[in-house]
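K.L.:
Sequence first, then the predicted structure, then my questions.
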Amino acid sequence: QVQLQESGPGLVKSSQTLSLSCTVSGGSITTSYYLWSWIRQPPGKGLEWMGAIAYDGSTYCSPSLRSHTSISRDTSKNLFSLQLSSVTPEDTAVYYCARGIGWGGMDYWGKGTLVTVSS
């Protein structure tokens, strides 16, 4: 059973960098052909795919967030991370990490973590 757990600060100040990690258990992040994604949901809004890192380390970002989003991984700890720079209160959301098989649907999700950006 694959499990994903998000971790990071619940409160970030405007203009700072939001940093989250997703620790994966029950499976390796280097196993072909999985794609490990970050998705967020602002209060009262729908899900937004932010970006992903593939089993081979390739990274992909939503065009709307590419300029201030970075995704990386630590294979020794079996985790992947998100950094979102220059945040504003509009970046307040529940942030999820999830696993997908290639560009298909996500089959495993973390429980999500609420990050509030203060002005």
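P.N.:
That came in fine, so what should we check first?
K.L.:
Please report how far the one residue sitting closest to the centre of the chain lies from Tyr60.
P.N.:
For the chain, the residue nearest the mean C-alpha position is Trp38 (2.7 Å; C-alpha atoms, centre = their mean). With the distance defined as C-beta to C-beta, to the nearest Å, Trp38 ends up 10 Å from Tyr60. Where you see a C-beta, it was placed from the backbone N, CA and C, and this is true even at glycine.
K.L.:
now do Arg99
P.N.:
Relative to Tyr60, Arg99 is positioned 14 Å away (C-beta to C-beta).
K.L.:
Settle it for me: which of the two has more neighbours?
P.N.:
Counted by other C-beta atoms under 10 Å, Arg99 and Tyr60 do not tie: Arg99 has more neighbours, with 21 against 15.
K.L.:
Is it correct that that one is in contact with Trp36?
P.N.:
Yes - the criterion here is C-beta atoms under 8 Å, and Arg99 meets it with Trp36 at 5.9 Å.
K.L.:
Direction included, what does whichever helix or strand Val115 is part of pair up with?
P.N.:
Val115 is part of strand 113-118 when elements are defined by DSSP states H and E. Strand 113-118 has its sheet partners listed here by DSSP bridges as strand 11-13 (parallel), strand 93-101 (antiparallel).
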